[in-house]
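J.: What would the 3D arrangement of this be:
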Amino acid sequence: MGLMPEKRVRIKGVKVTLVGRSKRELENNTREAVKYEARIYNKSVRTMLENGEPNKTIWSDSWADAHYESVVAASPEHAISLVYNKFPERAGFVITDLVEMDGRSN
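T.: Residues are numbered from 1 along each chain as shown. The predicted structure is shown next:
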């Protein structure tokens, strides 16, 4: 089986890579869950460490660098919401990229 074509779009300010389906196709078929991988970091931790300040957050210094979080969701918007529910924007977390993984969640 050949590689599925990738499409890149921006959703809620996040760069999203879709594998084999367009954004329109996703919107028309929201019942089938798909695995997504989000690249996420903590902006507050990163800023403090870049400025040579001690990290005064509850998050470890490692959050200055990218972490990857996998979720299963019906759409990219849903995946972004799930990640931000676990790692809130108000706590300094930023999703830089979201990738739809090749294949379904099951």
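J.: Could I get the full set of helices for this protein?
T.: Remark: helices assigned in the chain by DSSP state H are 23-28, 43-50, 76-86.
J.: Show me what Arg10 bridges to in the sheet.
T.: Arg10 has these beta-bridge partners by DSSP bridges: Lys15.
J.: Does it touch Val16 like I think?
T.: Yes. Under the criterion of CB atoms under 8 Å, Arg10 makes contact with Val16 at 6.9 Å. C-betas here are computed from N, CA, C, even on glycine.
J.: which of the two has more neighbours?
T.: With neighbours defined as other CB atoms under 10 Å, Arg10 and Val16 compare such that Val16 has more, 23 against 9.
J.: That one: what's it in contact with?
T.: Arg8, Val9, Arg10, Pro76, Asp97, Leu98, Val99, Glu100 (CB atoms under 8 Å, 6 or more residues apart in numbering).
J.: So Trp59 sits against Lys43, correct?
T.: No. In this structure Trp59 lies outside contact range of Lys43 using CB under 8 Å: 10.6 Å.
J.: I'm done for today, thanks for sticking with me.
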